[in-house]
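Student: Just need the structure, nothing else, for what follows:
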Amino acid sequence: MEFMKILVISTNVFPLPPTGYSGTEAMAYSLALEYQKAGHQVAVVAPEGSKLPEGIELIPTAVMEPEEPAWAKYRDRLPEFEIIHDHSFQAWPYMSSEGIYPALPIVKTFHTHPSQWPTGAPPPTAQGCLVGVSRSHARLLAQAFGINVEHVYNGIDLTMYTPSPDPANTKRNGRLLFVGRYTPEKNPLGAMQLAKRLHMPLDCYGDTRIVQGPEYVDRCRAEADGVVVRMFPGVTRDKTVELYRTYRALLHPHQWPEPFGLVFAEAQACGMPVLTIDMGAAREVVSHEKTGYVCQDMDEIQRVLKEGCLQQIKPEDCVAWAQQFSAQNMAAGYLKLFERVKSGHPW
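Tutor: Numbering: from 1, shown residues only. Sure thing, here's the model as predicted:
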C-alpha cells in the first residue's frame, strides 16, 4: 500500500487524548495512532494541550473554539494532505470542499444523528465522502441526505478492554451498571426507574457537562436514592475497564438510533453482557441472546431481568464477539476507503 500524508481533524471540545470518557475524540486519537503505525505521515487538528506521540504534528485550536473560525485558521494547510479525515461536528472542511477546495479528498465521519448537523445537509456533488459508524447509521444518513454513505465500525483498544487477568477476580458484584451521558437519548432516568421498580441495584456513571441542559440531570439526581440507585459523575476510560470487569451487566436502554454504542463493545470485550433497546446499531454491536439482550422496549428488559436470562450469557462469548471491534480493524476500514478516494473512485 502506498503511504499517505493524512490530516485527522478532531473536535474542539477536549484535548487529545481525552482524559475523561468521550467517544468522538477517542476515535480521532486512536485513528491517528493507527495511521502512524501503518507507516503514514499524520497530523492532527485538535485543541491546545493535546499530547500526541512523537512524529504526529499537532495543528492547535483553542478549547471550545467555534468550528468555523477554527477552520479558517488551518484551511490554508489542507492542500498539503492527500487525505483529510474530518471528525468535527460541523464539518467545515467537508462542507466547504465544494467550490473552495473542489479537488481535496475529504472523508467525513459522521458520529451522531443527521438532525444534529447544524451546517445542514452536504451537497450531493461534494468532493468529500461521508461515512457512518455502522450499517444502520449509514442507511440513516443516506436517507436523510440523499447521497451514498459508506460505513466503518468504531474500534476500541482490545489490549485495554479485557476481562480481569486474575482468575480469582472473576466474581461480579451483582449490581447493574449504566455508563453514558446524562441525557434523555441515553435514558439513564429510565434505567434508574426500572432498577427501583425491580429492587435491583444500579450504579450510573455519566458526563454531566456535554448535556442538553441541567433539568434532566437534576431529575436523575432526584431519582437516585443512594442505595438501590447510585449516581456518579463522569468516569475515565481506565476506570470503565474496572467497572466492566466487576458489575453484573450493562443496562443501557437508549431512546434514540444509537449510531454505534462504544460502551456496548467495551463492556463485551471485558466479558460483560449488555441489556439495551433495539434501536440504531444495537443488533450490529450486541449479539442478541449470545452476548446480551437487544429488547423491543423496557417491558422486555424487565422480563429478561426478572427471569434471570443473564445467567445464560457466557463471558467468553462476549469477549470473542467484541474482537471484531478493534482499533486496528477500524483503521484498516478507513484506509481502504482512502485508497478508493485517492484512486478517483469516491462513492
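Student: Could I get the full set of strands for the stretch 101-250 of the chain?
Tutor: Ranges of strands in the stretch 101-250 of the chain, per DSSP state E, counting those that start in this stretch, are 106-109, 129-132, 150-151, 176-179, 202-205, 229-232, 249-252.
Student: could you redo these as JSON lines and give each row mean neighbour count and mean pLDDT?
Tutor: C-betas here are computed from N, CA, C, even on glycine. Shown next, in JSON lines, are those (neighbours: other C-beta atoms under 10 Å; pLDDT from 0 to 100):
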{"stretch": "strand 106-109", "mean neighbour count": "25", "mean pLDDT": "93"}
{"stretch": "strand 129-132", "mean neighbour count": "24", "mean pLDDT": "93"}
{"stretch": "strand 150-151", "mean neighbour count": "22", "mean pLDDT": "96"}
{"stretch": "strand 176-179", "mean neighbour count": "26", "mean pLDDT": "98"}
{"stretch": "strand 202-205", "mean neighbour count": "22", "mean pLDDT": "97"}
{"stretch": "strand 229-232", "mean neighbour count": "19", "mean pLDDT": "97"}
{"stretch": "strand 249-252", "mean neighbour count": "26", "mean pLDDT": "98"}
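Student: could I get those as CSV with distance to residue 338?
Tutor: Output for the strands of the stretch 101-250 of the chain, formatted as CSV (distance: least, C-beta to C-beta, whole Å):
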stretch, distance to residue 338
strand 106-109, 7
strand 129-132, 9
strand 150-151, 11
strand 176-179, 32
strand 202-205, 35
strand 229-232, 40
strand 249-252, 32
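Student: so who does the residue nearest to residue 17 when sequence neighbours are not counted touch?
Tutor: Leaving aside its chain neighbours, residue 17 sits nearest to residue 29 (4.7 Å; criterion: C-beta to C-beta, 6 or more residues apart in numbering). Applying C-beta atoms under 8 Å, 6 or more residues apart in numbering to residue 29 gives the contacts 10, 16, 17, 18, 44, 46.
Student: Need the buried ones from the residues you listed selected in PyMOL.
Tutor: The buried residues among the contacts of residue 29 can be selected in PyMOL (16 or more other C-beta atoms under 10 Å) with this line:
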select buried, resi 10+16+17+18+44+46
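Student: Between the contacts of residue 29, which sits nearest residue 208?
Tutor: Set against residue 208, the nearest of the contacts of residue 29 by C-beta to C-beta is residue 18 (15.6 Å).
Student: quick one: that closest one from residue 236, how far?
Tutor: In this view, residue 18 and residue 236 are 9 Å apart by C-beta to C-beta, to the nearest Å.
Student: distance between stretch 49-63 and the chain's centre?
Tutor: Relative to the chain's own centre, stretch 49-63 is displaced by 21 Å; criterion: C-alpha atoms, centre = their mean, to the nearest Å.
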